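[1] I would like to see how this sequence folds:
(chains A and B)
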Amino acid sequence: QKEVEQNSGPLSVPEGAIASLNCTYSDRVSQSFFWYRQYSGKSPELIMSIYSNGDKEDGRFTAQLNKASQYVSLLIRDSQPSDSATYLCAVNSLYSGGGADGLTFGKGTHLIIQP
Amino acid sequence: DAGVIQSPRHEVTEMGQEVTLRCKPISGHDYLFWYRQTMMRGLELLIYFNNNVPIDDSGMPEDRFSAKMPNASFSTLKIQPSEPRDSAVYFCASTAVSSYNEQFFGPGTRLTVL
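    Coordinates of the predicted model:
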């Protein structure tokens, strides 16, 4: 049974600070990792994907992957009130470029950016 | 470019009625996924298609649920008969084989079964 664990929060971070979101997964063969942002009443929106150990940066977002520890994180720099949302971690066992498959999602971390 | 389109956006029905949810994937995407989201269970995969062929339906909760994809631009998820425990938000997502499994979600259908 594949499992993806996230702290449900809420995680409260002051505006301008760094928000750190964490995710662990149980399936050692997982190869593809994704972060989605979901505003209340809206659909999940893909914000980051990562496939190799290390860091991947995109604007204010940095995804970090450590396959040995089965750990994925998302850092949001210079947090803004508009970043307040639920962040979903998702994993998949396919290698990048190996087609597509259903994602296994965590239940999400509710992030609140305090002005 | 249009994203994933789902209809209806909201559906309220009574127990025992048939419900049909519809999805149009992003043009050119060859994978289509149906997910269900509830507070208790989070976001769960129900079924997915590749080139209109069902690949994995192990997430479909029971025989009351069925899904079809008659062509590359249309899919349906049908619940017959519906039960109150089917109340959830149903999302459709799509991706292309060249997109490294980055899936893009539609706006969802909020289903309430009374």
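[2] and the closest residue to B:E14 other than its chain neighbours, how many neighbours?
    Counting by CB to CB, 6 or more residues apart in numbering or on different chains, B:L114 is the residue found nearest to B:E14 once chain neighbours are left out, at 5.2 Å. Every residue, glycine included, has its C-beta placed from N, CA and C. For B:L114, the count of nearby residues is 10 (other CB atoms under 10 Å in any protein chain shown).
[3] for A:S69, same thing?
    When neighbours are defined as other CB under 10 Å, A:S69 has 9 of them.
[4] measure it to chain B for me?
    In this view, A:S69 and chain B are 22 Å apart by CB to the nearest CB, to the nearest Å.
[5] what's A:T104 in contact with, if anything?
    A:K2, A:E3, A:V4, A:Y25, A:D27, A:A90, A:V91, A:N92, B:L45 (CB atoms under 8 Å, 6 or more residues apart in numbering or on different chains).
[6] mind running it again at 10 Å?
    The contact partners of A:T104, taken as CB atoms under 10 Å, 6 or more residues apart in numbering or on different chains, are A:1-4, A:25-27, A:30, A:89-93, B:42-45.
[7] weed out the non-buried ones from those residues.
    A:V4, A:Y25, A:S30, A:C89, A:A90, A:V91, A:N92, B:G42, B:L43, B:E44, B:L45 (16 or more other CB atoms under 10 Å in any protein chain shown).
[8] correct me, but the residue nearest to B:E14 touches B:D86?
    No: applying CB atoms under 10 Å, one finds B:L114 not in contact with B:D86, separated by 11.1 Å.
[9] quick check: closest non-adjacent residue to the residue of chain A found nearest chain B.
    Ranking the residues of chain A by distance to chain B (CB to the nearest CB) places A:G102 first, at 3.6 Å. Counting by CB to CB, 6+ apart, A:G102 lies nearest to B:L45, which is 3.6 Å off, once chain neighbours are set aside.
[10] please consider this matter closed, and thank you.
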